[in-house]
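Student: got a structure for you, letters missing:
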C-alpha cells in the first residue's frame, strides 16, 4: 500500500483490518470518506498475455464531494469506475485492492449484497444515454422497471408518482409527455436527463458518471453539467465523474485524480492541480488543448500514443512519452509523493533525493 | 482578395423522413441545408460549427460531390462541379478529398494500411513500384513509419489510423480537403498531434480546408473564416477572431457561453437555462 489519500496513515491499518473482516469501522474517528479505493489492481487476461488496466489505484470520494477522474482511453478510468459497481467486463478481473463504500469492503461482499447497493446506494450514468435506454419501450415503462428494483415498497401508482417527480426534478416541464415517449423521439440531452432521473430513483449517496456529456453538443453538455452541479449542491449527492476533458473537470469537480497507464499520476484540489500541475503528463495534457483565450500557432503535444502495459513493467508509465524523462524513469517506478498541501504526484522530478539531469 | 478556390451558391438539400405509412401521408421532408452561399480562398480554412443535425456534414458532402444538391451549385476552380462529366469529372474529383471522423470506420479493415493508402492511386492508374514509393512518401509526410505498411487498421491506434486516413486523402495530391470532425474520436493528447499535422500539411502543400466540428475551441485554432450553422442555415459568418471575441447572433453567443474554459468558473444559472434546439415529440 503506497498511497493514503487522507494522510491518516496511522489510523488506517486498524480500520483496514476491521474492513477486511467486513465489519463497520467503529473506531469513532469521523470519516467523511463515502468511497475509499486502495490498491485496486485489475488485470485483463488475453491471448497475448496479461494486460494490467488498473495498477494500485487509490482514491476516495468524500460525502457531498465531486471527484473528477481524468485520463485518456486505456488509462483505466472507466475500469476503475466499473470496479466500484462490480461490473468489470470479462476477461478483466480485480486481482488486488479494496473498495470500501460506506465502510464496507465491496470486494468481500456476496454478489447479492452488491446488487442491493447498485442502483439504490450507487447510481450510474454512462457515456451513451441512447444505448442505455431500451429503444422498444416507452420511458414510463423503463422507469417503472428501475423503480421496481430500487423502491420495492412502492405500488404501481406510487411508482408512477415517483417517476413523474423525478422527471420534474430533472427539469422536464411536461413529464407526462416525456414518459409516454420512446427514446428515439427524444434528443440525446433529454435521454441523458432521463438516465440521470433513473440513476436517482433509489436516492443514491454516490453517482458514478462515466463521460456523461461526451456524446452531447456543447450547449446540452452545459445543461447536464449544471444539473449535476445542482444535484450535488442541493442533495449533497457525491459524484465520481470520469472524463478526458480537463476544462469540464475544472468546472465541476472539487478534487481531481489524473490517471495514466492505469496508475494515479497526480491528485489534489482541482484548482491547485490545474493552476500549477506538478506531473509532466498533467502539464502536457493542459497544453494540448487549444485555448482561444490564449491563441497560439501550434499546439504543444505529447508524442506517441498510450500503449498497453504489461503487469511487470518497471519505471514510470509515462516515461516513453515524457519530455523530461531521465534514466531512473525507465527503471524505477516513482512513488506518489506529497508535494504540497493535499497535492500528490508520481514523478521522479519531484524527488529531492533524485539526481536530476 | 484572391479568387476563391471553391464557391457554393444557394445550396439546398432535403431528406425524406418517416416511412410514409401506407399512403405516404406521414411523409415529411427535412431541410438539412437550406440555401447556403460560401467561398473558400486557396490555402485557407473555412471552419463550420454547429450542433448535431445542423447540416454541417451534409454541406461538406455536397461541396466534395458526395451528395447531389437539390438546388444551387458548387464551383471548383471556376468549373461548375455538376456540369462536368466523365474524365473531366474524375480529374476534378481527385482534387477534392475527405477525412472522416472515425478512422476505423473509414479505412478498409480487410486491407493493410499500405493497401488503404495505395487504393486511390490504383484507382487513378498509378501502380507497381511507383505506388509503393508514393505510399512510403505519404506515410513519412504524415508521421507514419513506412515499415508499418503491412499492418492492419485494427493493429494500430486511433491516432495512427487517422494519420493513415489523411495520407490516403492526400495520395492524389488534392487541392481541397473536407475535414469532417477529424479529431473528435481521438484522445486529447493525440488530437493536438493531428491538428498540428493538418496545419503543417496545409502550409507545405497549400491545401484548402473545409473544417467541420462542434468544438468551438478547435475552430478558432484551425480556421481563418468561420460559419455558424443552425438548422440548415448559416446564422453568422466572420473571421474566427470576430466569432470568438464578438459574436453577434444570439445562437453563437449561447454556444460560446457554453464552452467550458480552464480560466474561469462557469455561470451555472446560465448553463442550466442554456437554450438547445432539442426536438420534442
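Tutor: That came through fine. These numbers come from a predicted model, not from an experiment.

Student: residues in contact with residue A:167?
Tutor: For residue A:167, the contacting residues are A:143, A:175, A:178, A:179, A:194, A:197, taking Cβ atoms under 8 Å, 6 or more residues apart in numbering or on different chains as the criterion. Any C-beta I mention is one placed from the backbone N, CA and C, and that applies to glycine too.

Student: where does it land in three-state SS?
Tutor: Taking DSSP: H, G, I helix; E, B strand; the rest coil as the rule, one finds residue A:167 in the helix state.

Student: Please determine how far it is located from residue A:139.
Tutor: With distances taken as Cβ to Cβ, to the nearest Å, residue A:167 is found 8 Å from residue A:139.

Student: and if you look at residue A:312?
Tutor: Taken as Cβ to Cβ, the span from residue A:312 to residue A:139 is 49 Å.

Student: Name the nearest of the contacts of residue A:167 relative to chain B.
Tutor: Nearest to chain B among the contacts of residue A:167: residue A:178, at 8.3 Å, using Cβ to the nearest Cβ.

Student: Return the backbone torsion pair for the closest one.
Tutor: In this entry, residue A:178 is assigned phi and psi values of phi -60, psi -40 (degrees, to the nearest 10).

Student: Could you do the one 10 residues further on as well?
Tutor: Here the main-chain torsion angles of residue A:188 (degrees, to the nearest 10) amount to phi -60, psi -40.

Student: thinking again about what came up before, mutual contacts of residue A:167 and residue A:139, please.
Tutor: Applying Cβ under 8 Å, 6+ apart, one finds that residue A:167 and residue A:139 are jointly contacted by A:178, A:179, A:194.

Student: Pretty sure the last one sits against residue A:132.
Tutor: No: contact between residue A:194 and residue A:132 fails when scored by Cβ atoms under 8 Å: they sit 9.0 Å apart.

Student: Between the two, which is the more surrounded one?
Tutor: residue A:194 (27 against 18; other Cβ atoms under 10 Å in any protein chain shown).

Student: What is the burial count for the residue of the stretch 1-150 of chain A found nearest chain B?
Tutor: With Cβ to the nearest Cβ as the measure, residue A:72 is the residue of the stretch 1-150 of chain A nearest to chain B, at 4.1 Å. Burial of residue A:72, expressed as a neighbour count using other Cβ under 10 Å, amounts to 21.

Student: mind listing what it touches?
Tutor: Residues touching residue A:72, when contacts are defined by Cβ under 8 Å, 6+ apart, comprise A:244, A:260, A:306, B:187, B:188, B:189, B:190.

Student: For it, which non-adjacent residue is spatially closest?
Tutor: residue B:187 (4.1 Å; Cβ to Cβ, 6 or more residues apart in numbering or on different chains).

Student: Likewise for residue A:315?
Tutor: Counting by Cβ to Cβ, 6+ apart, the nearest residue to residue A:315 once its immediate chain neighbours are dropped is residue A:330, at 4.5 Å.

Student: List the buried residues in stretch A:40-53.
Tutor: Counting neighbours by 16 or more other Cβ atoms under 10 Å in any protein chain shown, one finds that the buried residues in stretch A:40-53 are A:40, A:41, A:42, A:43, A:44, A:51, A:52, A:53.

Student: Between those residues, which has the least confident prediction?
Tutor: Taken together, those show their lowest pLDDT at residue A:51, with 84.
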